[in-house]
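Chemist: Quick one, what's the 3D model for this:
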Amino acid sequence: MSDLPRKAVTRTARLAALPLGIAGRATLGLGRRIGGRSADVVTAELQQATADQLFKVLGELKGGAMKFGQALSVFEAALPEEVAGPYRAALTKLQEAAPPMPASKVHAALAERLGADWRKQFRSFEDRPAAAASIGQVHRAVWHDGRKVAVKIQYPGAGEALLADLGQLSRVAWLIGPLIPGLDVKPLISELRERVAEELDYQLEAQAQQRHAEEFADDPDIRVPGVVAQADQVLVTEWMGGTPLSEVIAKGTQAERDRAGQLLARFLFAGPSRTGLLHADPHPGNFRLLKDDGPVEEWRLGVLDFGTVDRLPDGLPTPIGDSLRMALAGDATGVLDMLREEGFVKPSIDLDPDAVLDYLLPIIEPATVETFHFTRSWMRAQAARIADPRSPAYNLGKQLNLPPSYLLIHRVTLSTIGVLCQLGANAPFRTEMLDWLPGFAEEAAPA
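Modeler: Numbering: from 1, shown residues only. Next up is the predicted model:
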């Protein structure tokens, strides 16, 4: 693939063809079963083929398709085990790479954005990208002062492609929604569309990243690369190596998984409190486990990609901590009152406080113990409980509302928990909440 497909008609046609291809394979599978092949074998083959086609198209199109695929990838842990295997590898592919933009296009983009003498700003520049993601790709280079840097270059036509893809994906959401129980795909797509302008603005990204880099400059646990330069659709930052969390998920030791999980939970809660910003793209490709000298317990977490953030000048909203504290104390009425006050329950909806508490308690189970073991089976159970029409939780969930101000916080929290479950980490979620979540520790929450 030579470049980011820019013509909306071409991209739309490729996305629109997904349901046709899947329907065709379903018909073929029926024929194979009639021909005597095992239904389980045929189903597994169809699931693998469907995953391959779906995520191959999402990855190759980059833009909004790739961004949506990355957003979906963090929910892989919620897939039922019988279908998780075929989809897991295809989902993981989206977390680290996509087909690269050729060197000639890279050079032209740098000349346009940094000037014809752009090479003078670098001692060296690697034409082969180190990473290629949804709207841009990253190249290794050495800055003129000798610093190793990452050069992030936005694909030409990325904005147009992003909007076109997400518009088309909203029309085929029915195809993807059933893959992950409990996930409503359309609001996810709508939220991604609302963030397009911010995602494309590398100046805003540079400001958010530098804010984090300065705040965590001397932190023993979290590292964020500093910003070196920014010009239009090019962002130059300090280079950061390390092991991507996708590799830790695939083959890390339990000690590595636990350390990554501990620091991921810490960054989720401490980040907004310390910077007034919530990193809003928590897929495994944006985090690195930095294997510094010393034992695993002293390794750090590296954080990348601040293109999407939620601005929370006062940190995470205090009502989140208040409601969690009251739920753990068994104060069903207080929880329902808080949910009404914040807009989670509309005035016209009449709910039983005890039913609401029963709905919430399994979800907030990680806050009930000092260290919680996050597993795929636990997340699948939660997703299935909420998605099963026969479950009381399903009907109650349909009556709850998600206020716009909480939408991104909700998705980031669920996404982070999804990554923790992929890691299979033993993480001190409760400890991090007590340290950083406003309202949670105002009174002793029962362990």
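
Chemist: Straight-line length of stretch 296-315, end to end?
Modeler: End-to-end span of stretch 296-315 (C-alpha to C-alpha, to the nearest Å): 29 Å.

Chemist: Just the buried positions in it, please.
Modeler: Neighbour-count burial for stretch 296-315 flags 296, 299-310, 312, 315 (criterion: 16 or more other C-beta atoms under 10 Å). Heads up, the C-betas are built off the backbone N, CA and C, glycines and all.

Chemist: any idea how far Gly276 is from Glu215?
Modeler: Counting by C-beta to C-beta, to the nearest Å, the gap from Glu215 to Gly276 is 9 Å.

Chemist: Contact partners for the spatially closest residue to Gln262 that is not a sequence neighbour?
Modeler: Excluding its sequence neighbours, the residue lying closest to Gln262 (C-beta to C-beta, 6 or more residues apart in numbering) is Ala427, at 5.2 Å. Contact analysis of Ala427 by C-beta atoms under 8 Å, 6 or more residues apart in numbering lists Asp258, Gly261, Gln262, Leu264, Ala265, Pro366, Thr371, Phe372, Phe374, Leu420.

Chemist: Look up how far Glu238 lies from Ala427.
Modeler: Counting by C-beta to C-beta, the gap from Ala427 to Glu238 is 28 Å.

Chemist: again, but for His212
Modeler: As defined by C-beta to C-beta, His212 lies at a distance of 12 Å from Glu238.

Chemist: of the two, who's got more company?
Modeler: His212 (24 against 17; other C-beta atoms under 10 Å).

Chemist: burial of His139, as a residue count?
Modeler: Using other C-beta under 10 Å, His139 has 24 other residues around it.

Chemist: for the residue nearest to Gln262, which residues make a bridge with it?
Modeler: Ala427 has these beta-bridge partners by DSSP bridges: Phe372.

Chemist: Ok, Ile153 next?
Modeler: Beta-bridge partners, per DSSP bridges, of Ile153: Gln137, Val234.

Chemist: Touching, it and Ile135? I think so.
Modeler: No: using C-beta atoms under 8 Å, Ile153 is not in contact with Ile135; the gap is 10.0 Å.

Chemist: Strands along the stretch 201-350 of the chain, start to end?
Modeler: Ranges of strands within the stretch 201-350 of the chain are 222-223, 227-231, 234-238, 243-244, 277-279, 287-290, 300-303, 309-311, based on DSSP state E, counting those that start in this stretch.

Chemist: Out of these, which gets nearest to Pro100?
Modeler: Nearest to Pro100 among the strands of the stretch 201-350 of the chain is strand 234-238; the distance by C-beta to C-beta comes to 16.1 Å.

Chemist: Only alpha carbons, please: show the closest one as CSV.
Modeler: The C-alpha trace of strand 234-238 is given here as CSV (Å, rounded to 0.1, in the frame of the first residue of the first chain):
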residue,chain,number,x,y,z
VAL,A,234,5.1,17.2,12.5
LEU,A,235,5.9,16.5,16.1
VAL,A,236,9.4,15.8,17.4
THR,A,237,9.8,14.3,20.8
GLU,A,238,12.5,12.5,22.8
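
Chemist: Quick one: mean pLDDT for that strand?
Modeler: In this model, strand 234-238 carries a mean pLDDT of 97.

Chemist: Over to stretch 429-436?
Modeler: On average, the pLDDT along stretch 429-436 is 95.

Chemist: residue contacts, the closest residue to Glu205 other than its chain neighbours?
Modeler: Leaving out its chain neighbours, the residue that sits closest to Glu205 by C-beta to C-beta, 6+ apart is Gly307, at 4.6 Å. Neighbouring residues of Gly307 by C-beta under 8 Å, 6+ apart: Ile135, Glu198, Glu199, Tyr202, Glu205, Asp281.

Chemist: backbone phi and psi for Gly307, please?
Modeler: The phi/psi pair for Gly307 (degrees, to the nearest 10) reads phi -70, psi -30.

Chemist: can you check Asp331 too?
Modeler: Torsion angles, degrees, to the nearest 10, at Asp331: phi -90, psi 80.

Chemist: That one - how many residues pack around it?
Modeler: 16.

Chemist: likewise Arg390?
Modeler: For Arg390, using other C-beta under 10 Å, the count is 6.

Chemist: And for the one 4 residues further on?
Modeler: By other C-beta under 10 Å, the residues close to Tyr394 number 16.

Chemist: Report pLDDT for it.
Modeler: 81.

Chemist: In space, what's closest to it - neighbours in sequence excluded?
Modeler: Asp388 (5.6 Å).

Chemist: does that neighbour really touch Asn395, like I thought?
Modeler: No: taking C-beta under 8 Å as the definition, Asp388 is not a contact partner of Asn395, at 10.2 Å.

Chemist: if we can go back for a sec, wait, which of the contacts of Ala427 is closest to Val224?
Modeler: The closest of the contacts of Ala427 to Val224 turns out to be Leu264 (C-beta to C-beta; 13.9 Å).

Chemist: Return the residues in contact with the closest one.
Modeler: Leu264 neighbours (C-beta under 8 Å, 6+ apart): Leu245, Pro282, Phe287, Leu301, Thr416, Val419, Leu420, Leu423, Ala425, Ala427.

Chemist: if we go to 10 Å?
Modeler: Residues in contact with Leu264 (C-beta atoms under 10 Å, 6 or more residues apart in numbering) are 222, 245, 282, 284, 287, 289, 301, 303, 374, 416-417, 419-420, 423, 425, 427, 432.

Chemist: go on, Val234?
Modeler: Ala109, Leu110, Glu112, Arg113, Leu114, Trp118, Gly136, Val151, Lys152, Ile153, Gln154, Tyr202.

Chemist: What of Pro272?
Modeler: Contacts of Pro272 (C-beta under 10 Å, 6+ apart): 278-279, 309-317, 409, 412, 436-438.

Chemist: same thing but 6 Å
Modeler: Residues near Pro272 by C-beta atoms under 6 Å, 6 or more residues apart in numbering: Leu278, Leu312, Gly315, Leu316.

Chemist: want to throw these into JSON lines with distance to Ala161?
Modeler: As requested, these are exported to JSON lines (distance: C-beta to C-beta, whole Å):
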{"residue": "Leu278", "distance to Ala161": "26"}
{"residue": "Leu312", "distance to Ala161": "30"}
{"residue": "Gly315", "distance to Ala161": "35"}
{"residue": "Leu316", "distance to Ala161": "33"}
